[in-house]
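# after the sequence you'll find the predicted model.
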Amino acid sequence: MQVVEWDEIHQLIKVNPLISWTEQQVWDYIKQHHVPYNKLHDRGYPSIGCEPCTRAIQPGEDVRAGRWWWESPDHRECGLHQKH
């Protein structure tokens, strides 16, 4: 990803202002500025999707391990988001 990207499919510019931030910097900002967030993060869900596609992760697992956990590594889409 880049700070500014062109999305050819949707014909729009996308801006990713937090791209250079670490996860810790994001959480520090959230706490310092009282930004609302999904409380599932506090219960071991660092990556949240739809209910059947998401589970809490175990210590040491990759932060994305709880997404599409039953799928094969080659196909990890729940069907809500179509690839173009």
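The structure has been received and is ready for your questions.

# SS state for the residue nearest to L18 when sequence neighbours are not counted?
Spatial nearest neighbour of L18, excluding adjacent residues (C-beta to C-beta, 6 or more residues apart in numbering): V26 at 6.4 Å. Bear in mind the C-beta positions are built from the backbone N, C-alpha and C, glycine included. State at V26, reduced to three classes by DSSP: H, G, I helix; E, B strand; the rest coil: helix.

# roughly how far apart are V26 and C50?
According to C-beta to C-beta, to the nearest Å, V26 and C50 sit 22 Å apart.

# need the strands for the protein, in chain order.
In the chain, the strands defined using DSSP state E lie at 4-7, 12-15.

# ok, which of those comes nearest P46?
Across those, P46 has its closest neighbour in strand 12-15 (22.6 Å, C-beta to C-beta).

# how far does the closest one sit from the chain's center?
18 Å (C-alpha atoms, centre = their mean, to the nearest Å).

# next: stretch 44-63.
For stretch 44-63, the distance to the chain centre is 10 Å (C-alpha atoms, centre = their mean).

# what do you get for stretch 16-32?
Offset of stretch 16-32 from its chain centre (C-alpha atoms, centre = their mean): 13 Å.
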